[in-house]
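Chemist: missing the sequence, but the structure's below:
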């Protein structure tokens, strides 16, 4: 077991909420090994292809993460683990809050100056050019 991998206590809490292996076309690789690979990648920020071999094929780890993200499995697992922790009194909900003071707004939402429309100079109409010296006007030969 590597540093940062799921401990036995964490695994015992997580395992009952995971999907049954083999639902999609056969036997799956061990959930614990794959989840440790996902956690390693999220923690280090490395590309999927650079995942150490101890987690199995990088493609297997990537596909499981992608599939579970798309079908809502991760959300379901989070809610289930939170519900278990809440029932056993391990969550103090009085400490949960959302602070919006650190949210940045786009510069235009913050009152940035807008460009004024370009107004042509007095006496000139847009699109009309002044004649050059060597131009005598229409019909001149």
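Modeler: Nice, I can see it. For clarity, every value in this text was computed on a predicted model and none was experimentally measured.
Chemist: and for residue 65, the neighbour number?
Modeler: Residue crowding around residue 65 was assessed by other C-beta atoms under 10 Å; the count is 20. C-beta here means a position set from N, CA and C on the backbone, and glycine is covered the same way.
Chemist: wait, it touches residue 36, no?
Modeler: No - under the contact definition of C-beta atoms under 8 Å, residue 65 does not touch residue 36, with a separation of 11.8 Å.
Chemist: residue contacts, residue 69?
Modeler: Counting by C-beta atoms under 8 Å, 6 or more residues apart in numbering, residue 69 touches no other residue.
Chemist: residue 14 now?
Modeler: Residue 14 sits next to 6, 35, 77, 81 when contact means C-beta under 8 Å, 6+ apart.
Chemist: tell me where this protein has helices.
Modeler: Read by DSSP state H, the chain holds these helices, from start to end of the chain: 8-14, 31-44, 58-71, 73-87.
Chemist: for those helices, which one sits closest to residue 119?
Modeler: Nearest to residue 119, of all those, is helix 58-71, at 52.6 Å by C-beta to C-beta.
Chemist: thinking again about what came up before, ok, so of the contacts of residue 14, who is nearest residue 57?
Modeler: Within those, the smallest distance to residue 57 is 14.5 Å, found for residue 35 (C-beta to C-beta).
Chemist: number of residues surrounding that closest one?
Modeler: Number of residues near residue 35 (other C-beta under 10 Å) recorded here: 23.
Chemist: which non-adjacent residue is nearest it?
Modeler: In space, not counting the residues next to it along the chain, residue 35 is nearest to residue 6; the distance is 6.5 Å by C-beta to C-beta, 6 or more residues apart in numbering.
Chemist: my guess is that neighbour meets residue 34, correct?
Modeler: No - counting by C-beta under 8 Å, residue 6 does not reach residue 34; the two are 11.0 Å apart.
Chemist: who's more crowded, those two?
Modeler: For residue 6 versus residue 34, neighbours defined as other C-beta under 10 Å are more numerous around residue 34 (21 against 18).
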